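> sequence-free structure coming up:
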């Protein structure tokens, strides 16, 4: 009995896109142009010749890669459409999932910057020169840096929770295989 074909939830579509990526990587690495380059860095005394193994059809693999690439493009377009046409509530405002994803990326970058600021502000430089210590204090206040990092991490966590919730509720206009 054939399985029922249905639309995907957003989280399922994201998982399927990752699966397509993995399948494309595997098949692409089987192609002769990829296989021949793998051993070039090794020294060999004997001439080694590779040939396709029984059951491996390069033409069929290339066709499958082409079909998978098209499916991935179609799926990605459907995911992007869902992201642009659906919103979440954030700080009493409605923003599209696409905008929320951009904000999440920016917050993640900010977390990295603040992490560096916290670790930098935790230490003073003490230089021993001419029999005395010269202390160079950090120009950043440690407590303020930690507080800002915590604030941004909290905002990131809240945004990420809303995005995950939306991914379980929204459907993508793409039929499961």
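The structure has been received and is ready for your questions. Remember, predicted model here, so these are calculated numbers, not experimental data.

> let me see the domain layout of this protein.
If you go by automatic domain parsing, the domain ranges for the chain are 1-85, 91-171.

> ranges for the strands of the chain?
7-9, 87-90, 93-96, 125-129, 132-136, 171-175 (DSSP state E).

> and these as JSON lines, adding mean pLDDT?
Listed next are the strands of the chain as JSON lines, based on pLDDT from 0 to 100:
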{"stretch": "strand 7-9", "mean pLDDT": "92"}
{"stretch": "strand 87-90", "mean pLDDT": "96"}
{"stretch": "strand 93-96", "mean pLDDT": "96"}
{"stretch": "strand 125-129", "mean pLDDT": "73"}
{"stretch": "strand 132-136", "mean pLDDT": "71"}
{"stretch": "strand 171-175", "mean pLDDT": "92"}
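
> before we move on, the earlier item: by mean pLDDT, show me the worst of the domains of the chain.
Among the domains of the chain, domain 1-85 carries the lowest mean pLDDT, a mean of 85.

> re the thing from before, so which of the strands of the chain is nearest residue 163?
Evaluated over these, closeness to residue 163 peaks at strand 87-90, with 6.9 Å, by C-beta to C-beta. For glycine as for every other residue, the C-beta is placed from the backbone atoms N, C-alpha and C.

> give the buried residues for that closest one.
Residues 88, 90 are the ones in strand 87-90 that count as buried (16 or more other C-beta atoms under 10 Å).

> chain center to that strand, what's the gap?
22 Å (C-alpha atoms, centre = their mean, to the nearest Å).

> what lines up beside it in the sheet?
strand 93-96 (antiparallel) (DSSP bridges).

> flag every buried residue along the strand it pairs with.
Those would be residue 95, for strand 93-96 by 16+ other C-beta under 10 Å.

> name the residues that touch that strand?
Contact partners of strand 93-96, identified using C-beta atoms under 8 Å, 6 or more residues apart in numbering, comprise 83, 84, 85, 86, 87, 88, 103.

> the fourth one contacts residue 170, correct?
This means residue 86. Yes: here residue 86 reaches residue 170: they are 5.4 Å apart, a contact under C-beta atoms under 8 Å.
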